[in-house]
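Asks: no sequence on hand, only this structure:
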Ligand SMILES: Nc1ncnc2c1ncn2[C@@H]1O[C@H](COP(=O)(O)OP(=O)(O)OP(=O)(O)O)[C@@H](O)[C@H]1O
């Protein structure tokens, strides 16, 4: 299997404080990998390092087999950062925000029919076709998150990297998102996503990588959530647990 994302012995320190201490992460083509771990265990840092948004102190990153420093094929990757406000006070509509996700692929040429089709398909995939002309600020948090996912999908990436795509997102939006992700994977896409609770995404996950204290504590099947979260009726959504909360994904 080809590796679309590889981090080897990744070390990252913020002002001398090590946050990742030699992490291995591989995503193969067609795989859906969940990155789990307690708050502050370094999940977001790992995906930022994989994208070159945070420098590695040591170790190496390869994207589609190319060392990060030489990688230029950014349209192959769609990234949805953690809780980025889609509205941001700018009165952009859903259609405009999603169309912006096409720019990297289309360059500064006028939008072609296939650009427009990709934007429409992305908006439909996340169930927002009836909101295209609405300002993003008028949407619910879950719909805003879906707008950002559609923006990433509009670029027709091969690898989607998602930082807590369902945190604080209503149940209906989570289901819609799971469907969109499932379609993306069915077409051959690969996914790395950070999650606190997998919810409706669980059936899509091929492998879970659990970070603990800057190291990989588990790489394999999705581990059982900690006991008090394991009940079927306990299907709530954690907005974003405070730093003090215990891990929902205890390292086995
Ligand atoms: N830019 C930064 N400068 C300094 N410290 C940072 C920075 N970003 C993150 N950290 C610290 O690094 C550690 C790991 O953070 P990171 O966001 O990667 O963890 P996480 O596992 O994604 O946690 P969460 O679930 O809370 O998002 C935390 O202690 C955090 O406070």
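Replies: Great, that's in hand. If you're wondering where the values come from, they're calculated on a predicted model, not measured in any experiment. Numbers count the residues shown, from 1 in each chain.

Asks: how far off centre is stretch 212-225?
Replies: Distance of stretch 212-225 from its chain centroid, counting by CA atoms, centre = their mean, to the nearest Å, is 17 Å.

Asks: sorry, that was for stretch 154-168
Replies: Distance of stretch 154-168 from the chain centroid (CA atoms, centre = their mean) equals 4 Å.

Asks: list the buried residues for it?
Replies: By neighbour count on 16 or more other CB atoms under 10 Å, the buried set for stretch 154-168 is 154-167. For every residue, glycine as well, the C-beta is placed using N, CA and C.

Asks: among the residues you listed, name the ones in helices.
Replies: By the criterion of DSSP state H, membership of the buried residues of stretch 154-168 in helices covers residue 154.

Asks: okay, the residue sitting nearest the centre point of the chain and residue 130: tell me how far apart.
Replies: With distances taken as CA atoms, centre = their mean, residue 162 lies nearest the centre of the chain, 0.5 Å away. Summarising the geometry, the distance separating residue 162 from residue 130, computed by CB to CB, to the nearest Å, is 24 Å.

Asks: quick one, helices of the stretch 151-252 of the chain?
Replies: Using DSSP state H, counting those that start in this stretch, the helices of the stretch 151-252 of the chain run over residues 171-186.

Asks: show me where pLDDT drops low in it?
Replies: Along the stretch 151-252 of the chain, segments meeting pLDDT under 70 span 225-252.

Asks: which stretches of it form strands?
Replies: Secondary structure of the stretch 151-252 of the chain, counting by DSSP state E, counting those that start in this stretch: strands at 159-163, 190-194, 207-212, 215-220.

Asks: for the second one, packing partners?
Replies: Right, the one you point to is strand 190-194. In this structure, strand 190-194 packs against strand 3-14, strand 17-28, strand 32-37, helix 43-50, strand 159-163, helix 171-186, with contacts taken as 3 or more CB pairs under 8 Å, 6 or more residues apart in numbering; DSSP states H and E.

Asks: residue 82 is nearest to which of those?
Replies: Residue 82 lies closest to strand 159-163 among those, at 3.9 Å (CB to CB).
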